[in-house]
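J.: Have a look at this prediction, sequence included:
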Amino acid sequence: MRVLVTGVAGFIGSNLLERLLRGGYEVTGADNLSQSDGSNLAEFAGHPHFRFEKADVRDLQAVRALARGVDAIIHLAAYKIPRYGNRCETLEVNTQGTANILRVAADGQRRVLFASTSDVYGKNPTLPFSERSDLWLGGPSIARWAYAASKIYDEHLCLAYSEERAVPVSIVRYFGSYGPKQHLTWWGGPQAVFIGCALKGKPLPIHGDGLQTRSFTYVTDTVEGTLRVLESADAVGKAVNIGNSQEISVLDLAKLIWTLAGEGAPRLEFVSYRSFAGRYEDVRRRVPDTTLARSLLGFEARVPLVEGLQATIAWQRGRVEG
Ligand SMILES: NC(=O)c1ccc[n+]([C@@H]2O[C@H](COP(=O)([O-])OP(=O)(O)OC[C@H]3O[C@@H](n4cnc5c(N)ncnc54)[C@H](O)[C@@H]3O)[C@@H](O)[C@H]2O)c1
């Protein structure tokens, strides 16, 4: 099977690429390198079944050219929560990029897998989040919801193309993936930041009281779930949670990371949401219902948090020292 992966130079993209090539896929990878320096792809240079193109998914002609001859498109290229004041970019990249992918897929009846996010469940207080749960967002005066809003729009577009234009689309809703090749800033999530601080002996910044919870998924599990969805005819026209249902507070995550990577008693620094630019709303608890992934795909996240963190710390230590 020949696959186009957008956002291939990013965290999940580069980990997925490794798995696809190992599985015998032929891969065209595209990325505009806006959030990557390309180093995640260094080991694949010259691979006979991999071709990289620097391209922007907002460019319809470029997407058309990239998709020529491919059977499937895995669309990962996106901007995330606009922590750094890039709300326009988040909305434009995420909506225009996905619209282009779907238009091109419709021309050739190509299989599409779209990367969505657990953030679409927003502030829904009823846990765990199942694919049938309501999506509860705050209003547009709070910039952070732009990411979830763009992904919900994209999900609608995906299902509309599936229903009205017979495009075989599936949606994966990822829950907090972490692991080697992650970004080392908040773009990469709390693990990246906490590990970086613990390795340097600096205090770990905890937003709010730290009692907000998350469910974190080691990247090999994220990748395996993605592949199962891609290869499943039963997943067409559906959204599927891909995540680990082990719940942990951000505070306990920080302490655990310090225990694994730091020295002495944990150093923590509480950061008030009021110090953020603009108003901010956090999600209090986030846990996936993984029943659908299990029944439809036989998929379950396997890597325990401690094991995943140890591997991530080993990788990040190499980056700090290298
Ligand atoms: N990592 C997670 O925990 C997580 C959780 C939920 C959803 N997701 C989704 O999974 C996907 C991949 O996430 P990731 O963590 O690997 O992110 P990432 O930022 O590491 O990778 C995204 C890649 O897309 C590229 N990109 C951005 N705009 C582009 C454009 N206009 N044209 C072409 N390329 C562009 C970036 O340069 C980057 O390399 C995203 O769609 C994200 O929303 C990730």
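T.: That came through fine. Numbering: from 1, shown residues only.
J.: Report the central residue of the chain.
T.: residue 174 (5.6 Å; Cα atoms, centre = their mean).
J.: That one contacts residue 243, correct?
T.: Yes. The criterion here is Cβ atoms under 8 Å, and residue 174 meets it with residue 243 at 6.7 Å. From N, CA and C alone the C-beta is placed, and that goes for glycine too.
J.: circling back: is the residue nearest to the centre of the chain bridged to anything, and to what?
T.: For residue 174, the beta-bridge partners under DSSP bridges are residue 117, residue 242.
J.: and it, how far is that from residue 290?
T.: Note on residue 174: its distance to residue 290, by Cβ to Cβ, to the nearest Å, is 12 Å.
J.: still on that earlier bit, list residues touching both of residue 174 and residue 243?
T.: Each of 118, 217 lies in contact with both residue 174 and residue 243 under the rule Cβ atoms under 8 Å, 6 or more residues apart in numbering.
J.: so what's the closest residue to residue 281 other than its chain neighbours up against?
T.: Nearest residue to residue 281, sequence neighbours excluded (Cβ to Cβ, 6 or more residues apart in numbering): residue 138, at 4.7 Å. By Cβ under 8 Å, 6+ apart, the contact list for residue 138 reads 122, 123, 144, 145, 281.
J.: Give me the phi and psi angles of residue 138.
T.: Note on residue 138: backbone dihedrals following degrees, to the nearest 10 are phi -80, psi 180.
J.: what pLDDT does it get?
T.: At residue 138, the model reports a pLDDT of 96.
J.: Then residue 320?
T.: 71.
J.: Surely it touches residue 197?
T.: No. Taking Cβ under 8 Å as the definition, residue 320 is not a contact partner of residue 197, at 10.8 Å.
J.: More neighbours: those two, which one.
T.: Between residue 320 and residue 197, counting by other Cβ atoms under 10 Å, residue 197 is the more crowded of the two (21 against 11).
J.: Residue 162 versus the more buried one, what's the distance?
T.: 43 Å.
J.: Please apply the same query to residue 40.
T.: Taking Cβ to Cβ, one finds residue 40 at 31 Å from residue 162.
J.: okay, now the closest residue to residue 108 other than its chain neighbours: neighbour count?
T.: In space, and not counting its chain neighbours, residue 108 is closest to residue 67: 6.8 Å by Cβ to Cβ, 6+ apart. The tally of other residues near residue 67 (other Cβ under 10 Å) stands at 24.
J.: Could you pull up the contacting residues of residue 67?
T.: Contacts of residue 67 (Cβ under 8 Å, 6+ apart): 4, 73, 104, 105, 108, 110.
J.: Looking at those, spot the one nearest the ligand.
T.: residue 4 (11.5 Å; Cβ to the nearest ligand atom).
J.: hang on, the earlier thing: quick check: phi and psi at the residue nearest to residue 108.
T.: According to degrees, to the nearest 10, residue 67 has phi -80, psi -10.
J.: how far away is the spatially closest residue to residue 224 that is not a sequence neighbour from the ligand?
T.: Spatial nearest neighbour of residue 224, excluding adjacent residues (Cβ to Cβ, 6+ apart): residue 299 at 6.8 Å. Using Cβ to the nearest ligand atom, to the nearest Å, residue 299 is found at 16 Å from the ligand.
J.: Name the residues of this structure found near the ligand, please.
T.: Residues of the chain lying close to the ligand (Cβ under 6 Å from any ligand atom) are 6-7, 9-13, 31-36, 56-58, 76-80, 93, 97, 115, 117, 174, 176-177, 183, 189.
J.: quick one: which of the residues you listed sit in strands?
T.: 6, 31, 115, 117, 174, 177 (DSSP state E).
J.: What segments of the stretch 151-300 of the chain are helices?
T.: 190-200, 219-230, 250-261, 291-297 (DSSP state H, counting those that start in this stretch).
J.: Out of these, which is closest to residue 130?
T.: helix 291-297 (7.0 Å; Cβ to Cβ).
J.: For that closest one, which residues meet the burial criterion?
T.: 292, 293, 297 (16 or more other Cβ atoms under 10 Å).
J.: Same check on stretch 271-282?
T.: In stretch 271-282, the ones that count as buried by 16+ other Cβ under 10 Å are residue 280.
J.: Can you list the neighbours in contact with that stretch?
T.: So stretch 271-282 is contacted by 85, 123, 138, 141-145, 205-208, 212 (Cβ under 8 Å, 6+ apart).
J.: in the stretch 151-300 of the chain, which ranges drop under the pLDDT threshold?
T.: For the stretch 151-300 of the chain, no stretch is flagged by pLDDT under 70.
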